[in-house]
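A.B. asks: please find the sequence and the predicted model below.
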Amino acid sequence: LAKRSGRNNFRYYSKDLTASAKERLTLESELRRAAERMELELHYQPKVSLSDGMMIGSEALLRWCHPRLGMVPPTQFIQIAEDTGLIVDLGQWVLREACRMAAKWNAEGKPPHKVAINLSAKQFQSQNLAGAVADILNDTDCRPEWIELEITESLLLDDNGKTLDTLSAFRSMGVSIAIDDFGTGYSALSYLTRFPIDTLKIDRSFIQSVITDHYGAELVKAILSIARSLGQEVVAEGVETVEQAAFLAAHGCQLAQGFLYSKPLPEAELASLPQHFHVSHSAAMMAKPEC
Ligand code: C2E
Ligand code: MG
Ligand code: MG
Ligand code: MG
């Protein structure tokens, strides 16, 4: 009996696998055509200065409006795009679209707005990335200081020797570089001094713990202190509460991003947001003793 149920389990499991493998293949071929069919869109999440509540920029986040499945989140298709190499074309599209938006936003005489753009590891290691970015900046009339490129620390850890050249090329072009999800990639902190890095984005998992957990709070304070010593700017990711924002402001974090301010929005909705967020940090500090 055990044997039979074992076999059934196996059959059930393998049928499941086949279904998900099929679904993946379908997604893969649909993803190939998604850009031509205009199913891709960038949404923008505000980045806010903690000292005065001003929106100083935004992060471009890719969205796939699939005709059958609805909105497919990037966590479900970026990996497929990486595995198949599609990420290079997809990433080019993202760069061009985000630079177009940055040029438009900054040309309208509004306060300066820097657009952060995510790069995948494969895209970063592709042939002549810096040259491709220079061409896109030129084509879209976007100044280098209007964008920031976000890379992950794992990319710096398995450095193939070209990493420093690529990052130095961006530094001399005037394009700034941020480390995304900082702290989650087995940080070998030495890379912070080895590579030209402008910004650290502290991962959401650390921000979630600053109020609830003494060690979490100490860890974030330590990251802020390292960044201060190295002259790097810090963005807190995934800020959801006034208490978290107050803690970060009190410990010298410059910028925050998260649902407390806004979720990622289509370009037109971002444009209609006020430039200034009213979040009362001081009230939160009084209500909550400092960790
Ligand atoms: P990420 O770059 O770390 O982006 C931040 C993610 O956190 C976004 O998820 C954003 O919607 C979410 N988020 C922001 N604030 C909050 C908050 O307060 N609470 C919570 N729970 N979540 C928050 P999203 O848009 O689903 O993107 C997921 C990941 O997909 C991104 O993580 C990034 O690694 C990747 N990704 C997105 N767009 C692109 C792209 O154009 N190219 C590449 N290579 N990767 C991208
Ligand atoms: Mg990012
Ligand atoms: Mg991130
Ligand atoms: Mg993250």
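C.D. replies: Yep, it's here. Ligands and ions are numbered 1, 2, ... in the order given.

A.B. asks: list the beta-bridge partners for the residue nearest the centre of the chain.
C.D. replies: Nearest to the geometric centre of the chain sits N118, at 5.2 Å (C-alpha atoms, centre = their mean). N118 has the following beta-bridge partners by DSSP bridges: E150.

A.B. asks: surely it is in contact with L155?
C.D. replies: No - with contacts counted by C-beta atoms under 8 Å, N118 stays clear of L155, the gap being 11.6 Å. Heads up, the C-betas are built off the backbone N, CA and C, glycines and all.

A.B. asks: any buried residues in stretch 224-234, and which?
C.D. replies: Judged by neighbour count using 16 or more other C-beta atoms under 10 Å, the buried positions of stretch 224-234 are 224, 227, 232-234.

A.B. asks: so where does M55 fall, helix or strand?
C.D. replies: strand 55-66 (DSSP states H and E).

A.B. asks: could you measure from the residue nearest to the centre of the chain over to A60?
C.D. replies: Distance from N118 to A60, counting by C-beta to C-beta, to the nearest Å: 7 Å.

A.B. asks: quick check: neighbours shared by those two?
C.D. replies: V94 (C-beta atoms under 8 Å, 6 or more residues apart in numbering).

A.B. asks: quick one: name the residues of the stretch 101-250 of the chain near ligand 2.
C.D. replies: Taking C-beta under 5 Å from the ion as the contact definition, the stretch 101-250 of the chain meets ligand 2 at 118, 150, 180.

A.B. asks: do that again at 8 Å, thanks
C.D. replies: 116, 118, 150, 178, 180-181, 201, 237 (C-beta under 8 Å from the ion).

A.B. asks: can you tell me which of those are up against ligand 1?
C.D. replies: When those are filtered against ligand 1 using C-beta under 6 Å from any ligand atom, the residues retained are 118, 150, 180-181, 237.

A.B. asks: now the strands for the stretch 1-150 of the chain?
C.D. replies: 40-49, 55-66, 70-72, 114-118, 147-152 (DSSP state E, counting those that start in this stretch).

A.B. asks: residues contacting the third one, please?
C.D. replies: Which is strand 70-72. Identification of contacts with strand 70-72 by C-beta under 8 Å, 6+ apart yields 27, 63-66.

A.B. asks: those residues, buried ones only, as a PyMOL selection?
C.D. replies: Only the buried entries of the contacts of strand 70-72 go into this PyMOL selection, using 16+ other C-beta under 10 Å:
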select buried, resi 27+63+64+66
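
A.B. asks: quick one, helices of the stretch 1-150 of the chain?
C.D. replies: For the stretch 1-150 of the chain, the helices defined by DSSP state H, counting those that start in this stretch occupy 2-34, 74-84, 87-107, 121-124, 129-140.

A.B. asks: okay, those, which one's buried deepest?
C.D. replies: Comparing these by mean neighbour count (mean count of other C-beta atoms under 10 Å), helix 87-107 ranks first with a mean of 20.

A.B. asks: packing partners of that helix?
C.D. replies: With contacts taken as 3 or more C-beta pairs under 8 Å, 6 or more residues apart in numbering; DSSP states H and E, helix 87-107 sits against strand 40-49, strand 55-66, helix 74-84, strand 114-118, helix 121-124, helix 129-140, strand 147-152.

A.B. asks: grab the nearest non-local neighbour of G53.
C.D. replies: Excluding the flanking residues, the one nearest G53 by C-beta to C-beta, 6 or more residues apart in numbering is F277, at 4.4 Å.

A.B. asks: now stretch 163-174 - C-alpha only, PDB.
C.D. replies: The C-alpha trace of stretch 163-174 is given here as PDB (Å, rounded to 0.1, in the frame of the first residue of the first chain):
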ATOM      1  CA  THR A 163      33.600  44.800 -13.400                       C
ATOM      2  CA  LEU A 164      36.000  47.500 -12.300                       C
ATOM      3  CA  ASP A 165      36.400  48.700 -15.900                       C
ATOM      4  CA  THR A 166      32.700  48.900 -16.400                       C
ATOM      5  CA  LEU A 167      32.100  50.700 -13.100                       C
ATOM      6  CA  SER A 168      35.000  53.100 -13.700                       C
ATOM      7  CA  ALA A 169      33.500  53.900 -17.100                       C
ATOM      8  CA  PHE A 170      30.200  54.800 -15.500                       C
ATOM      9  CA  ARG A 171      32.000  56.900 -12.800                       C
ATOM     10  CA  SER A 172      33.800  58.900 -15.500                       C
ATOM     11  CA  MET A 173      30.600  59.400 -17.500                       C
ATOM     12  CA  GLY A 174      29.000  60.800 -14.400                       C
END
